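# need a 3D model of the following:
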Amino acid sequence: MSDSKLKKIRRQKFCAEHPCCYFCGRVRLETTWDHVPPKACFPQGYAPEGFEFPACKECNKGADREDQIFGFYSMLLDFDESKMSRQDHIERLLDLRKGIINNYPDALPDLATAHALFHEVGSILSPAAIALDTNPAFKKASKIMGQKLTHALYLRETRRILTADHRFRCMWYQPQQAGTEALTAYFSSLFPNKTVGNRPNIKPYGDRFGYLSGFKEEEDFFMYAAQFGHGLILWGSVCGPSTEMPEAGPLAPALWSTGLCGPGASATTPRTPIGGNAHGEKICGRLPTAPSL
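Okay, the predicted model is just below:
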């Protein structure tokens, strides 16, 4: 049996086992699939396999803008040296940039806010990257991506769909930012499971997407940290309906949101806005940028 037929059979089986949308919980009236992370995060043909999730039409199409914006930034802020000079990577980045200029010009980074970040080489300070103000459109895109990724990875690891009784939180940061080393090391030591997204039978394309995760079934508590190339890290946690919510500290209830908050939801409102940069209002871009913005 061919690989394409096997994939179709696996998809049909997964669809039958999960008739509801992963993001809003509604029973799907049509068979659609949402790619999380979106294909916009990778050059054509390099999106990892096995990251397709059953979605209603409203949730599948309702975040097209945010998918494109997040995909553009996830590639732009990837510090993976093996990709920076690749023609397919550059062409994809230029194509995404063109689409954003035409459709979402407010999402482009504001280079007027840029300033160089330096590192010391011997006794000489040399520019290593640039820092820019975090764009509001990117903030929203990272918020939506955090929501989608939390719902998707919870389903992938537990074979369950988040409910409106679940609470979750998610954030993003760049490991290139000073002060994030301890958080990255904490995630690396905390989670027992590592998953690397890949796509067999194609030429290598550096690191693309992977995540660390852990799940305590009895408490219905799930955590993950996902990295896009050598750039953005999104992390989040999920508490089940019976989990006692903390009343103080960094995991206080005010930081949590309600599950099933996709565009297809008829009446689900997050308790508080999520997303945002836990380490300030700047993003770091590599030097030299390729291509130039």
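
# and residue 156, that one's in a helix?
Yes. Judged by DSSP: H, G, I helix; E, B strand; the rest coil, residue 156 forms part of a helix.

# pLDDT weak spots in the stretch 1-150 of the chain?
Low-confidence segments of the stretch 1-150 of the chain (pLDDT under 70): 1-4, 114-130.

# hey, where'd the strands end up in it?
For the stretch 1-150 of the chain, the strands defined by DSSP state E, counting those that start in this stretch occupy 32-35, 52-55, 115-121, 124-133.

# can you show me the helices along this structure?
3-17, 57-61, 64-76, 81-84, 87-103, 136-158, 181-190 (DSSP state H).

# taking the centroid of this protein, which residue is nearest it?
In the chain, the residue lying closest to the centroid (C-alpha atoms, centre = their mean) is residue 145, at 5.0 Å.

# thinking again about what came up before, now the helices of the chain in CSV, with distance to residue 164?
Using the backbone N, CA and C atoms, a C-beta is placed for each residue, glycine as well. Listed next are the helices of the chain as CSV, based on distance: least, C-beta to C-beta, whole Å:
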stretch, distance to residue 164
helix 3-17, 21
helix 57-61, 15
helix 64-76, 22
helix 81-84, 40
helix 87-103, 32
helix 136-158, 12
helix 181-190, 28
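
# closest one to residue 175 among the ones you listed?
Smallest distance to residue 175 across these (C-beta to C-beta): 5.2 Å, for helix 181-190.

# give the buried residues for that closest one.
Across helix 181-190, burial judged by 16 or more other C-beta atoms under 10 Å covers 183, 187.

# surely residue 235 meets residue 184?
No. The criterion here is C-beta atoms under 8 Å, and residue 235 misses it with residue 184 at 9.7 Å.

# tell me which residues in stretch 19-28 are buried?
Those would be 20-26, 28, for stretch 19-28 by 16+ other C-beta under 10 Å.

# off-centre distance for that stretch?
20 Å (C-alpha atoms, centre = their mean, to the nearest Å).

# which other residues reach it?
34, 53-56, 58-59, 147-148, 151-152, 155, 161-164, 260-266, 268 (C-beta atoms under 8 Å, 6 or more residues apart in numbering).

# start and end of that stretch, how far apart?
6 Å (C-alpha to C-alpha, to the nearest Å).

# just to revisit the earlier point, which residues are in contact with the residue nearest to the centre of the chain?
With contact set as C-beta under 8 Å, 6+ apart, residue 145 has these partners: 37, 66-67, 70, 172, 234, 275.

# switch the cut-off to 10 Å
Neighbouring residues of residue 145 by C-beta atoms under 10 Å, 6 or more residues apart in numbering: 36-38, 41, 63, 66-67, 69-71, 73-74, 138, 170, 172, 226, 228, 232, 234, 275.

# also residue 152?
Applying C-beta under 10 Å, 6+ apart, we find residue 152 in contact with 22-23, 34-37, 51-53, 55, 162, 224, 226.

# what about 8 Å?
22-23, 34, 36, 51, 53.

# returning to that earlier point: so which of the helices of the chain gets nearest residue 218?
Nearest to residue 218, of all the helices of the chain, is helix 136-158, at 12.4 Å by C-beta to C-beta.

# and the closest one with helix 64-76, angle?
Helix 136-158 and helix 64-76 are oriented at 90 degrees to each other (axes from the mean of the first three to the mean of the last three C-alpha atoms, to 10 degrees).

# what angle do helix 136-158 and helix 3-17 make?
90 degrees.

# how many residues are close by residue 80?
18 (other C-beta atoms under 10 Å).

# of the contacts of stretch 19-28, buried ones?
The buried subset of the contacts of stretch 19-28 - by 16+ other C-beta under 10 Å - is 34, 53-56, 58-59, 147-148, 151-152, 155, 161-162, 260-265.

# just to revisit the earlier point, want to throw the buried residues of stretch 19-28 into CSV with distance to residue 241?
Formatted as CSV, the buried residues of stretch 19-28 follow (distance: C-beta to C-beta, whole Å):
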residue, distance to residue 241
20, 17
21, 19
22, 18
23, 18
24, 17
25, 14
26, 19
28, 23
